[in-house]
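[1] 3D model of this:
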Amino acid sequence: MIVTDAGVSAVILLMRSDVRQSASIFKRNIRQIRHWLEEESKLATKYVYNTHIIRIFECLLLDL
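    Numbers count the residues shown, from 1 in each chain. This is a model prediction of the structure:
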């Protein structure tokens, strides 16, 4: 009975540790994905802005 209780306790401790580690990895992955999305958003905004500026200059040059 004592051996069974010790075995069950050991499994519970290992599972708790595994859950904590998995949660930590998940949070880190979510932060990384959020960072990537923010960077992509900034790049997309910059691209759109630059594209519009180029089109404006092209229109101005064509009007000359």
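[2] give me the neighbour count for residue 41.
    For residue 41, the count of nearby residues is 10 (other C-beta atoms under 10 Å). Every C-beta, even on glycine, is put in place using the N, C-alpha and C of the backbone.
[3] any idea how far residue 27 is from it?
    21 Å (C-beta to C-beta, to the nearest Å).
[4] helices of this structure, start to end?
    2-63 (DSSP state H).
[5] so, low pLDDT: which residues of it?
    Applying pLDDT under 70 to the chain flags residues 1, 64.
[6] rerun at 80
    1-3, 62-64 (pLDDT under 80).
[7] residue nearest the centroid of it?
    residue 33 (1.2 Å; C-alpha atoms, centre = their mean).
[8] mind listing what that residue touches?
    By C-beta atoms under 8 Å, 6 or more residues apart in numbering, the contact set of residue 33 is empty.
[9] how close does it get to residue 27?
    Relative to residue 27, and taking C-beta to C-beta, residue 33 is found at 11 Å.
[10] distance of residue 23 relative to residue 55?
    On the measure of C-beta to C-beta, residue 23 and residue 55 end up 48 Å apart.
[11] could you do residue 9 as well?
    Residue 9 is 69 Å from residue 55, by C-beta to C-beta.
[12] swap in residue 40?
    22 Å.
[13] got it, and residue 39?
    Residue 39 is 25 Å from residue 55, by C-beta to C-beta.
[14] now residue 48
    For residue 48, the distance to residue 55 (C-beta to C-beta) stands at 11 Å.
[15] just residue 35 next, same as before
    For residue 35 relative to residue 55 (C-beta to C-beta), the value is 31 Å.
[16] equivalent analysis for residue 30, please.
    37 Å.
[17] for residue 7, same thing?
    For residue 7 relative to residue 55 (C-beta to C-beta), the value is 71 Å.
[18] please apply the same query to residue 20.
    In terms of C-beta to C-beta, residue 20 sits 53 Å off from residue 55.
[19] just residue 42 next, same as before
    21 Å.
[20] repeat that for residue 21.
    51 Å.
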